[in-house]
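Enquirer: please find the sequence and the predicted model below.
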Amino acid sequence: MKLTLKGHDYRYAAEQMMLTLFPGERPGAGENALTLSLFRGESWLTARAELIWEGVSFSAVRRARVGELTGGLTDDRVCQRILKLAFYDAGTRALGKEPPWGALTGVRPVKIPAKAMEQGLSPLRAERLLRDIYRVSPIRRRLAMDCAGESVAARRSLRGDEVSLYVGIPFCPSRCVYCSFISAAVERCLPLVEPFVTALEREIEATGALLRETGRTVRTLYVGGGTPTTLSAPQLERVLSALERCLPMEGCSEFTVEAGRPDTITPEKLAVLSKHRVDRVSVNPQSMEDGVLERMGRPHTGADIRRAYGEVRRAGAFAVNMDLIAGLPGDTPEGFARSLSEVLSMGPENVTVHTLALKKGSRLTEEGSSLPSAEQVEQMLDRAWDVLREAGYAPYYLYRQKYMSGSFENVGWAKSGCASLYNIAMMEELHTILALGGGGVTKLVWPESGKIKRVANPKYPQEYLRDVEKICREKGALAPFLRETKGVQ
Ligand code: SF4
């Protein structure tokens, strides 16, 4: 789609809306065209969208009062809002339908109602923002409002001296077709695993010293990847011992380890998790359908998931999360419903329902494959929401990703009292999260202003090994930030 901007330079906002409405379009390419203009008069700021879609013209106008402009940063938001909404109006007229999240283009739909409620708006009025300004569908409004309630409660429960930690283990036994993660198939990287564990111990020590020196404590800890249980039991023992020995964990209320792949779960490794106070484990089938698992490139069956789940339950008092993905190659609404019903029959405390996202670098994107249609994915999700609610689960966090099938969402569901605080804090950016290991991203959060700075750790094990001393020095340099923001919440 050719994009012409007049009177402004909000190209990113226009491209975001284009991706939401017309996911098949790419900026600058093809016959379709959009002219998006902004004009400031004495009383009104006016945005006009003129869209040519498949040879037919559609136009729309949105306005804001000039009095809304304050000369500050929020002016940008007002301008972008009316530009996006004008494009949205013209685009939905052209399409004859509205996307599930209406005109919301960001990845965090919960922030809008959560912030509104924290500023004193009632839940009803916060929901109306989603309905009237962003035209979010009723089913998605309900999801967002449930998660906003959890977000507000989570923020209240966090103390100003607390941070969370993410530890990335970038290895997996083999690579799934939809994966764009850095994780390296372990058979090709076996010689790197031991040095990686040694380097990680070094970074854990440096981070522990930093936290103690600045008077910070760990509230939640999440070991992800990759698949952390790709490590052997002795290697896991070394990592978890280092965490326990070096970090101020006295106030830690949640310690998760992802054991995503059943082909990596053994009683010995689970015993190590149990010994080191891990209280939440993620076992991720993605699908319980053997044909779908095979097309995903997963060398295991649904029966293997059941076995692994049983081992996790026998090994310790873990809360268990299980992930499913809607929209996988070869899956159908019926197959997805069977997978969900199988997962629920096992009784995990958390179920996370993802929507397939076509990510750059994944085999699925590069090689192509026939996928369920957006309508089928919508059926899978909408049915799943009903089934989960009936089974006693409630949504507690959600987020969207670019290139997500049908522009839907990922939603975490929890039995009462079992929501993962780490997931809420990370997704809603409620406090600082320090990332260690491969592929993690540290998020520094300034609580008063809401400003966020991201610092990425290297993606590949080789880079991590090469740079670990530099990474430790950079961690140490966070001390002034941690002191300055301590106690503010
Ligand atoms: S288990 Fe997860 S991280 Fe590992 S290859 Fe599959 S999708 Fe990627």
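Expert: Yep, that arrived.

Enquirer: run a quick neighbour tally on Asp467.
Expert: Residues lying near Asp467 (other Cβ atoms under 10 Å) number 15. Where C-beta positions appear, they are placed from N, C-alpha and C, glycine not excepted.

Enquirer: check the secondary structure at Tyr166 for me.
Expert: At Tyr166, secondary structure determined by DSSP: H, G, I helix; E, B strand; the rest coil is strand.

Enquirer: output the set of residues of this protein in proximity to the ligand.
Expert: Within the chain, the positions lying close to the ligand (Cβ under 6 Å from any ligand atom) are 172, 175-176, 179, 181, 183, 225-227, 260-261.

Enquirer: how close does Glu349 get to the ligand?
Expert: Noted for Glu349: a distance of 21 Å to the ligand, by Cβ to the nearest ligand atom, to the nearest Å.

Enquirer: try Gly347
Expert: From Gly347 to the ligand the distance is 23 Å (Cβ to the nearest ligand atom).

Enquirer: burial of that residue, as a residue count?
Expert: 12.

Enquirer: ok, now Trp413?
Expert: Counted with other Cβ under 10 Å, Trp413 comes out at 27.

Enquirer: for the residue sitting nearest the centre point of the chain, phi and psi?
Expert: When the chain is reduced to its mean C-alpha position, the nearest residue by Cα atoms, centre = their mean turns out to be Tyr399, at 5.3 Å. Note on Tyr399: its backbone torsions stand at phi -160, psi 160 [degrees, to the nearest 10].

Enquirer: and Pro458, by the same measure?
Expert: Here is the backbone geometry of Pro458 (degrees, to the nearest 10): phi -60, psi 150.

Enquirer: in what helix or strand does whichever residue of the stretch 1-150 of the chain sits closest to the ligand lie?
Expert: Of all residues in the stretch 1-150 of the chain, Val107 sits closest to the ligand, at 19.1 Å by Cβ to the nearest ligand atom. In the assignment (DSSP states H and E), Val107 maps to no helix and no strand.

Enquirer: right, and it touches Arg400 too?
Expert: Yes. Val107 is within contact range of Arg400, at 4.8 Å (criterion: Cβ atoms under 8 Å).

Enquirer: who has more neighbours out of these two?
Expert: The neighbour comparison of Val107 against Arg400 (other Cβ under 10 Å) goes to Arg400, with 20 against 15.

Enquirer: spit out the contact partners of that one.
Expert: By Cβ atoms under 8 Å, 6 or more residues apart in numbering, Arg400 lies in contact with 101, 106-109, 407-410.

Enquirer: which single one of these is nearest to Glu42?
Expert: Glu42 lies nearest to Gly106 out of the contacts of Arg400, by Cβ to Cβ, at 31.6 Å.

Enquirer: ok, Ala154 - contacts?
Expert: 419, 421, 424-425, 428, 430.

Enquirer: now the strands for the stretch 201-350 of the chain?
Expert: For the stretch 201-350 of the chain, the strands defined by DSSP state E, counting those that start in this stretch cover 217-225, 254-258, 280-282, 319-326, 350-355.

Enquirer: can I get those strands in CSV with mean neighbour count and mean pLDDT?
Expert: Converted to CSV, the strands of the stretch 201-350 of the chain look like this (neighbours: other Cβ atoms under 10 Å; pLDDT from 0 to 100):
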stretch, mean neighbour count, mean pLDDT
strand 217-225, 23, 97
strand 254-258, 24, 98
strand 280-282, 26, 98
strand 319-326, 23, 97
strand 350-355, 23, 96
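
Enquirer: okay if I get the ones you listed as CSV plus distance to Tyr134?
Expert: Below are the strands of the stretch 201-350 of the chain laid out as CSV (distance: least, Cβ to Cβ, whole Å):
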stretch, distance to Tyr134
strand 217-225, 30
strand 254-258, 32
strand 280-282, 31
strand 319-326, 23
strand 350-355, 19
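
Enquirer: Phe39 is nearest to which of the ones you listed?
Expert: The closest of the strands of the stretch 201-350 of the chain to Phe39 is strand 350-355. By Cβ to Cβ, the value is 38.0 Å.

Enquirer: counting contacts, what elements does the closest one pack onto?
Expert: strand 319-326, helix 333-346, helix 374-390, strand 410-415 (3 or more Cβ pairs under 8 Å, 6 or more residues apart in numbering; DSSP states H and E).

Enquirer: angle of it against strand 254-258?
Expert: Angle, strand 350-355 to strand 254-258, by axes from the mean of the first three to the mean of the last three Cα atoms, to 10 degrees: 50 degrees.

Enquirer: could you dump strand 350-355 to CSV, C-alpha only?
Expert: Only the C-alpha atoms of strand 350-355 are listed here, as CSV (Å, rounded to 0.1, in the frame of the first residue of the first chain):
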residue,chain,number,x,y,z
ASN,A,350,-2.5,-22.2,34.5
VAL,A,351,-3.2,-22.5,30.8
THR,A,352,-1.8,-20.1,28.3
VAL,A,353,-3.4,-20.0,24.9
HIS,A,354,-1.2,-18.4,22.3
THR,A,355,-2.1,-17.6,18.7
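
Enquirer: got the angle between it and helix 374-390?
Expert: On the basis of the same axes, to 10 degrees, strand 350-355 is oriented at 170 degrees to helix 374-390.

Enquirer: sheet partners, orientation included, of strand 350-355?
Expert: Take DSSP bridges as the rule and strand 350-355 pairs in its sheet with strand 319-326 (parallel), strand 410-415 (antiparallel).
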